[in-house]
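Engineer: need a 3D model of the sequence below.
(one chain, ligands or ions: 1)
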Amino acid sequence: MEYTFTDAIGKKYHTPPGRKETPVEIRIWPNVDKSAPAPSDKPYLGNCWVWTGIVNPQHGYVSVWYKKKYWRLHRLVYHLINGPIAKGMVIGHKCNVKHCCRPEHLEEVTQGQNTRDAIKDGLRKAGLYSKEVMS
Ligand SMILES: [Zn+2]
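Structural biologist: I've put the predicted structure just below:
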């Protein structure tokens, strides 16, 4: 199957006829809604790009087969755009939207930092966050 395709970040792809595997970008971007609202507590981040395709019912994440393994969608998008993720690092969501894969909303952080951010954002949403609480 021959494809000509422009992905969500404007990169163009053309695959020659006879290629077996569908390029991963073609499996990702048509399933992403780029007009999802920005997070209400961080409107400056802009719209979230939210996955609208199939979600793995076992763990609730999106699994994408790429290079002989399953990737969580946000890790794969980060990898495709920024290159390999350093060992021991996790990809966090600045927007806290689980199925968002907007590259600008993803950041490479340590597991500890990711957990601290999640707690801080949870408290902020609950109206409990202040510098004194989290310092
Ligand atoms: Zn987002």
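Engineer: excluding its backbone neighbours, what's nearest residue 121?
Structural biologist: The shortest distance from residue 121 to any non-neighbouring residue, by Cβ to Cβ, 6 or more residues apart in numbering, is to residue 96 (5.3 Å). Heads up, the C-betas are built off the backbone N, CA and C, glycines and all.
Engineer: err, residue 113, not the other one
Structural biologist: With sequence-adjacent residues excluded and distances taken as Cβ to Cβ, 6+ apart, residue 113 is closest to residue 92, at 7.3 Å.
Engineer: the one you found and residue 58, how far apart?
Structural biologist: 22 Å (Cβ to Cβ, to the nearest Å).
Engineer: looking at those two, which is more packed in?
Structural biologist: residue 92 (21 against 7; other Cβ atoms under 10 Å).
Engineer: now for the lengthiest helix in the chain, which elements pack on it?
Structural biologist: Using DSSP state H, we find that the single longest helix of the chain is helix 111-125. Using 3 or more Cβ pairs under 8 Å, 6 or more residues apart in numbering; DSSP states H and E, the elements in contact with helix 111-125 are strand 89-93, helix 131-134.
Engineer: buried sites along it?
Structural biologist: In terms of neighbour count (16 or more other Cβ atoms under 10 Å), helix 111-125 has its buried residues at 114, 117, 121, 124.
Engineer: stretch 45-57 too?
Structural biologist: Buried residues in stretch 45-57 (16+ other Cβ under 10 Å): 45, 47, 48, 49, 50, 51.
Engineer: hey, where'd the helices end up in this structure?
Structural biologist: Per DSSP H, the chain carries helices over the ranges 24-28, 73-82, 111-125, 131-134.
Engineer: quick check: residues of the protein near the ion?
Structural biologist: Residues of the chain lying close to the ion by Cβ under 5 Å from the ion are 48, 95, 97, 100, 102, 105.
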